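# pasting the structure only:
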């Protein structure tokens, strides 16, 4: 064989091996690829922030994060429409038992939920029974709970909302909400905007959405803070779940691992007013 022919064949083999190695590396890499996430709007700020941080550190990855409600996230991950379904509740609370069994639960943190009112409402504290009476329609005027003579306007989340399910269970003792201004989508940002613009209104938000546009109410004299959730003195909170269909692989696994890393748990989680699991003094 001529030297030039041998050189050409050798070069071609080396090139093919190099291309194959790159392809295999890309396929096997846990940091590269594309995944989509949907579900809990309460978890959205944390998931979105962490996704941006992750992508900045791993340029070959693309992570899309959307809200839509816990029910939607669980349904979509079960159906295979998304890689990760975020939820404020356990899958068994939204899906059929046989569907929930196919999902793997990854608890990433705790979220607190507070009753919030329009800043013009002259009430700062409310009892559990008063809160129940307001949301069930028994109390319809703020003057009956120490405020001004002003009509109470309920802002309802849709039924697929995990935040609604948590608030109903731990703040309303299981009572059904009376019909008020019903929002069509479970978007916490929309809840905050609606409450801030509606005189006399009340609803509920995850701590991550609390700011001066709404006023968070004390419950039985206890402020809705991360410290009070962690100690067990404030009762309205939930675990935040990231569900996958089966064991996660590739980028989905790598991102969930990142969510549970010290980098996220120590920095991003408390910064956005979520509570790291390790800080909780109580369990459910």
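Done, it's in. What you see is a predicted model, and the numbers here were worked out from it, not measured in a lab. Numbers count the residues shown, from 1 in each chain.
# Contacts only, for the residue sitting nearest the centre point of the chain.
In the chain, the residue lying closest to the centroid (Cα atoms, centre = their mean) is residue 43, at 1.7 Å. Contacts for residue 43 (Cβ atoms under 8 Å, 6 or more residues apart in numbering) come out as 86, 87, 88, 108, 111, 206, 240. Bear in mind the C-beta positions are built from the backbone N, C-alpha and C, glycine included.
# Taking those residues, tell me the two that lie furthest apart.
Greatest spatial distance in the contacts of residue 43: 108 and 206, 13.8 Å, computed using Cβ to Cβ.
# which one of the two has more residues nearby?
residue 206 (30 against 23; other Cβ atoms under 10 Å).
# Can you check the pLDDT for the more buried one?
For residue 206, the pLDDT comes out at 97.
# hang on, isn't it packed against residue 164?
No. Contact criterion Cβ atoms under 8 Å: residue 206 and residue 164 do not qualify, at 11.5 Å.
# that older thread, let's see which of the contacts of residue 43 end up in strands.
Among the contacts of residue 43, the residues falling in strands (DSSP state E) are 86, 87, 108, 111, 206, 240.
# Which of those residues sits closest to residue 259?
Nearest member of the ones in strands among the contacts of residue 43 to residue 259, counting by Cβ to Cβ, is residue 108, at 4.7 Å.
# phi, psi of the nearest residue to the closest one once chain neighbours are set aside?
For residue 108, ignoring the flanking residues on the chain, the nearest one in space by Cβ to Cβ, 6 or more residues apart in numbering is residue 259 at 4.7 Å. Torsion angles at residue 259 (phi, psi; degrees, to the nearest 10) stand at phi -60, psi -30.
# Helices of the protein, start to end?
3-28, 44-57, 70-79, 97-100, 128-135, 162-170, 188-197, 226-231, 250-259, 262-263, 269-271 (DSSP state H).
# nearest to residue 154, of those?
helix 128-135 (6.5 Å).
# Same list (the contacts of residue 43) but as JSON lines, adding distance to residue 99.
Conversion of the contacts of residue 43 to JSON lines gives the following (distance: Cβ to Cβ, whole Å):
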{"residue": "86", "distance to residue 99": "17"}
{"residue": "87", "distance to residue 99": "13"}
{"residue": "88", "distance to residue 99": "18"}
{"residue": "108", "distance to residue 99": "21"}
{"residue": "111", "distance to residue 99": "24"}
{"residue": "206", "distance to residue 99": "26"}
{"residue": "240", "distance to residue 99": "20"}
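# now residue 131: how far from residue 97?
Distance of residue 131 to residue 97, computed by Cβ to Cβ, to the nearest Å: 32 Å.
# dump the residue contacts of the closest residue to residue 80 other than its chain neighbours.
Spatial nearest neighbour of residue 80, chain neighbours left out: residue 245 (6.4 Å); criterion: Cβ to Cβ, 6+ apart. Residue 245 makes contacts with 77, 78, 80, 102, 103, 104, as judged by Cβ under 8 Å, 6+ apart.
# Brilliant, that's me finished.
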